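Participant: pasting a predicted model and its sequence here:
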Amino acid sequence: MALDKSDVDKIAHLARINIEEQDTQAYLQNITSILGLFDQMQEVDTTDVEPLAHPMDAIQRLRADDITEKNQRELLQSVAPAIEDGLFLVPKVID
Amino acid sequence: MQWEAVIGLEIHAQLATKTKIFSGASTAFGAEPNTQACAIDLALPGTLPVFNIKALEMAVMFGTAIDAEISKTSVFDRKNYFYPDSPKGYQTSQLFYPIVGLGELDITLADGSIKTIGVTRAHLEEDAGKSLHEKFADMSGIDLNRAGTPLLEIVSEPDMRSAEEAVAYAKKIHGIVTSLGICDGNMAEGSFRVDCNVSVRHKGDNKLGNRTETKNINSFRFIEKAIKGEIIRQIEILEDGGRINQETRLYDADKDQTRTMRSKEEANDYRYFPCPDLLPIVIEDDYIEAIRNNLPELPDARQQRFIDQYKLSEYDAVNLSADKALAGYFESVVKECSDAKLAANWLLGEFAKQLNQSNTSIDQSPVTASELALLLTRIKDSTLATNGAKQVLEALWRKEGEVDAIIDSKGLKQVTDTGAIEAIVREVVSNCDKQVQQYIAAEPDKRGKMLGFFMGQIMKASKGKANPGQVQALLVPILDELC
């Protein structure tokens, strides 16, 4: 699968990662070589293989529907950069 | 050229668990901001989600209620996007192996016909928090109490062809989830949210047109209006030679129109992948069957019971059984006034009108079932005529007092004294010379139809207090005397 620079920019944008212009070529090469591994894996015949959702051979533990967490707002907000009236404040985002 | 609308709905039903889907924090509505957001909901490093057994049970209840396939192995996936009200940077959802697979349900249309609508799937996911943009100048306030609240997203096939069908389907799902007790169904508080996918095409075409998705609709009435408006908008664009942009739109109830929210051209690329923090959910047949065998009464069964037990018409039974709260209210009223037909007529007529006008849900009705039952009893024992009863209902709605006190204070007691009624009838007849002459001139078999005019005048003259049966019995002989 052939990628170009615009794909790297898009991936960086989706991940909200700032990358320097001069590093783009290196990222492009790295990602392309990873995709090369995928291409190699695609060649394996998996017709009779069950899809694997998790590498651990175990199933999900379940929790009873009981309230176990109490209000710790003050403690949890003590590490927030900005709070007001109990709300976390973040730079304005409008969708 | 005839157009056809194609509609599919995505319904988010908030599951009525006590705690979040992956944490032990409370889901109660209306708490102070961030007092019900624990370390897991805040996505603090080192925390791990643990799945709520009740959320699983509720999803399986829904699946068995619509006879859908239930996945014995289902998997949580991460839907990645950045928005501050989703602190993990992804929403935990189910894309590839949802808990509930293909199912279907029947809706009853206005003409009494039945249509089957496919349910593609229903999957578990977590809700996001809330962003408050208005309160602060250059900042947004984030309340994460809702983050991690369990949702069941129910996705329909694009099987609906009109706004009315879409509303019937949404009401059916609402009736099922509320009857199951897995969702409180409160649309105003966002417990039951409906997104409408709408496209149009020429009738007979097999290919689907470009669709839009309208979000933010919080009442059945608005679903109908939003879809109708969107169908017209799309047809107008296509008839002017334009094309429909595949996009997300918002419904603005104040303006009664939809507007662009974001277009798919710049759509998010969610990069779903299986969540490594959660293992596959595996359930056994015994578990599924135990849930299936213990399902509470569902709207379809209730509908049949209402027909059998209360001798209701199909129409009345459909409309009274769909919503659990309304069905319960109806049964309470019948228990106290012992007249199912009268109770059905009032609940679906005047009472429904009051609910609509005041935009009130049945469980917030200012008039209790006992009060309505007493009002209907006063109709049955001839204390009240229909018109007077309507005035009493309006007064009850405004909390003006008790039924009998309102009847007294407004002087609404029906006149049943034959002498008094006869006097009113004679007075009205003597004042309507022209109509009386027409009555006399008419063929005897045409006269019956002309009585309505006189009835109306007499009821008006008696301020609605004359007993209509007595009026009719007196009116015909008095008119016939003149012939």
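Facilitator: Sure, I can see it.
Participant: from now on I want contacts and neighbour counts done on CA atoms only, so please keep to that.
Facilitator: Will do.
Participant: shouldn't residue B:252 be in contact with residue B:258?
Facilitator: Yes: Residue B:252 is within contact range of residue B:258, at 5.9 Å (criterion: C-alpha atoms under 8 Å).
Participant: who has more neighbours, these two?
Facilitator: Neighbour count, other C-alpha atoms under 10 Å in any protein chain shown: between residue B:252 and residue B:258, residue B:258 has more, with 20 against 15.
Participant: next structured bit after the worst-scoring helix or strand of chain B on mean pLDDT?
Facilitator: Ranked by mean pLDDT, DSSP states H and E, the helix or strand of chain B with the weakest confidence is strand B:257-263, at a mean of 77. Under the assignment DSSP states H and E, the closest C-terminal helix or strand after strand B:257-263 is strand B:273-274.
Participant: partner strands of that following strand, parallel or antiparallel?
Facilitator: Strand B:273-274 pairs in its sheet with strand B:77-80 (antiparallel), by DSSP bridges.
Participant: next secondary structure element downstream of the strand it pairs with?
Facilitator: strand B:90-93.
Participant: in chain A, which spans are helices?
Facilitator: Counting by DSSP state H, chain A has helices at residues A:5-14, A:24-42, A:73-77.
Participant: what sits up against the shortest one?
Facilitator: Looking back up the chat, that one is helix A:73-77. A:83, A:86, A:88, B:34, B:35, B:37, B:38, B:39 (C-alpha atoms under 8 Å, 6 or more residues apart in numbering or on different chains).
Participant: in this structure the fifth one contacts residue B:145, no?
Facilitator: Put plainly, it is residue B:35. Yes: the criterion here is C-alpha under 8 Å, and residue B:35 meets it with residue B:145 at 6.7 Å.
Participant: higher neighbour count, these two?
Facilitator: residue B:145 (28 against 21).
Participant: quick one: contacts for the more buried one?
Facilitator: Listed by C-alpha under 8 Å, 6+ apart, the contact set of residue B:145 reads B:27, B:31, B:33, B:34, B:35, B:36, B:37, B:129.
Participant: now do residue B:450
Facilitator: residue B:439.
Participant: secondary structure element holding it?
Facilitator: helix B:447-461.
Participant: C-terminal to that helix, what's the next element?
Facilitator: For helix B:447-461, the following helix or strand on the C-terminal side (DSSP H and E) is helix B:468-482.
Participant: low-confidence ranges in chain B?
Facilitator: Scanning chain B with the threshold set as pLDDT under 70 gives B:262-268.
Participant: oh, that last question was meant for chain A, not what I typed.
Facilitator: In chain A, residues with pLDDT under 70: A:1, A:94-95.
Participant: for it, identify the residue most remote from the centre.
Facilitator: residue A:85 (30.7 Å; C-alpha atoms, centre = their mean).
Participant: what residues does chain A have near chain B?
Facilitator: Residues of chain A lying close to chain B by C-alpha under 8 Å from any C-alpha of the partner chain are A:14, A:53-54, A:56, A:58-73, A:76, A:84-95.
Participant: rerun at 7 Å
Facilitator: A:53-54, A:58-73, A:86-93 (C-alpha under 7 Å from any C-alpha of the partner chain).
Participant: only whichever of these are buried, select them in ChimeraX.
Facilitator: Buried residues within the residues of chain A next to chain B, by 16 or more other C-alpha atoms under 10 Å in any protein chain shown, are selected in ChimeraX with:
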select /A:53,54,63,65,66,69,73,86,87,88,89,90,92
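Participant: contacting residues around the closest residue to chain A within the stretch 101-250 of chain B?
Facilitator: Nearest residue of the stretch 101-250 of chain B to chain A: residue B:139, at 4.3 Å (C-alpha to the nearest C-alpha). Applying C-alpha atoms under 7 Å, 6 or more residues apart in numbering or on different chains to residue B:139 gives the contacts A:89, A:90, A:91, A:92.
Participant: cool, residue B:344 as well?
Facilitator: By C-alpha under 7 Å, 6+ apart, the neighbours of residue B:344 are residue B:316.
Participant: so which residues of the stretch 301-450 of chain B form helices?
Facilitator: B:314-321, B:324-337, B:340-346, B:352-357, B:369-380, B:386-397, B:403-409, B:418-431, B:433-441, B:447-461 (DSSP state H, counting those that start in this stretch).
Participant: now do the second one: distance to the chain's middle.
Facilitator: Distance of helix B:324-337 from the chain centroid (C-alpha atoms, centre = their mean, to the nearest Å) equals 17 Å.
Participant: what residues sit buried inside that helix?
Facilitator: For helix B:324-337, by 16+ other C-alpha under 10 Å, it's B:324-334, B:336-337.
Participant: now do the fourth one
Facilitator: Using 16+ other C-alpha under 10 Å as the test for burial, helix B:352-357 gives B:352, B:354, B:355.
Participant: ok, the last one - contacts?
Facilitator: Residues in contact with residue B:355, defined by C-alpha under 7 Å, 6+ apart, are residue B:361.
Participant: tell me how far it lies from chain A.
Facilitator: 35 Å (C-alpha to the nearest C-alpha, to the nearest Å).
Participant: what do you get for the first one?
Facilitator: Residue B:352 sits 37 Å away from chain A, going by C-alpha to the nearest C-alpha.
Participant: count the residues that sit near residue B:438.
Facilitator: Per other C-alpha under 10 Å, the neighbour tally for residue B:438 reads 12.
Participant: before I go, just wanted to say thanks for your time.
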